[in-house]
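Visitor: The amino acid sequence is not available; the structure is as follows:
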C-alpha cells in the first residue's frame, strides 16, 4: 500500500501515533521498520512491541468479524458461488471445533494463509474468547520475532521485505501441496 521509504519517514516523524494504523494495514515489515527505528533511538522498543501486537490483534479481529457477521449477510446465491454452502459451513465449523487452535496458529505462522483462516474462524463461529486467546498466544511470539529482526537487522528492511514475501509464498505453496496430497489420499481411500 505504501512504499517502504514512505513508511519509514512517517514512522520517524510521527512515531507511535501512526504505527498502529499502518501496522494493521501492512503487517510484519512495518514491525521491522519500527523496531529498526527503535534501535536508532527514535522509538521505544517496548512500546513498539505492545503497539504492533495490539494492531495485529485488531486486524485479526476485523477478519474474524467479517467471517462471523459479514459474509452471512450476502445473498444466498452469492454465498453458494463462493463455495459457502450449508454443508461446507458445517464442515468448517466441525473443523474449528476440533482443530481451531492448531489452524489459527498455522495461519499466523504462514502469514499468507492468515486472512483466509481468520475469516474461516469467524464463519465457523469459533467462540470469540477462545479465538482471542489462541490468536494472542500466536501473535506475541510472531510479533516479537519481527521486532527482534528489525532491531538487529532493520537497516536491510527492503531485503527483509523481499524475504518475508518469499517465505510466505513458499509456506503457502507447501500448504497447497499438502492440501492436494491430503485430498488425493482421502479420495483414493474411498
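Guide: In hand now; what should we look at? None of the values given here were measured: they were computed from a predicted structure.

Visitor: Which pLDDT value goes with the residue nearest in space to the middle of the chain?
Guide: For the chain, the residue nearest the mean C-alpha position is residue 114 (4.2 Å; CA atoms, centre = their mean). pLDDT, residue 114: 81.

Visitor: What of residue 149?
Guide: pLDDT at residue 149 comes out at 92.

Visitor: low pLDDT regions in the chain?
Guide: For the chain, the stretches with pLDDT under 70 are 1-2, 190.

Visitor: same thing but at 90, please
Guide: 1-17, 22-30, 32-33, 67, 70-101, 103, 105-117, 119-120, 123-125, 153-190 (pLDDT under 90).

Visitor: from the chain's centre, how far out does stretch 44-60 sit?
Guide: In terms of CA atoms, centre = their mean, to the nearest Å, the centre of stretch 44-60 is found 13 Å from the chain centre.

Visitor: Return the residues in contact with residue 146.
Guide: Residues near residue 146 by CB atoms under 8 Å, 6 or more residues apart in numbering: 28, 31, 32, 35, 52. The C-beta positions use only the backbone N, C-alpha and C, and glycine is treated the same way.

Visitor: how many neighbours does the fourth one have?
Guide: Residue neighbour count, defined by other CB atoms under 10 Å, stands at 26 for residue 35.

Visitor: could you say which helix or strand contains it?
Guide: Mapping residue 35 onto the secondary structure by DSSP states H and E places it in helix 28-39.

Visitor: which helices and strands does that helix pack with?
Guide: On a contact count with 3 or more CB pairs under 8 Å, 6 or more residues apart in numbering; DSSP states H and E, helix 28-39 meets helix 4-14, helix 16-26, helix 45-65, helix 128-153, helix 157-189.

Visitor: Just the angle for the second one relative to helix 45-65, thanks.
Guide: Direction vectors for helix 16-26 and helix 45-65, defined by axes from the mean of the first three to the mean of the last three CA atoms, to 10 degrees, enclose an angle of 40 degrees.

Visitor: now for helix 16-26, which elements pack on it?
Guide: Here helix 16-26 touches helix 4-14, helix 28-39, helix 45-65, going by 3+ CB pairs under 8 Å, 6+ apart.

Visitor: what's that helix in contact with?
Guide: 1-2, 7, 10-11, 30-31, 34, 43, 47-48, 51-52, 54-56, 58-59, 62.

Visitor: Please, a PyMOL command that selects the buried ones among the residues you listed?
Guide: Typed into PyMOL, the next command selects the buried ones out of those (criterion: 16 or more other CB atoms under 10 Å):
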select buried, resi 7+10+11+30+31+34+43+48+51+52+55+56+59
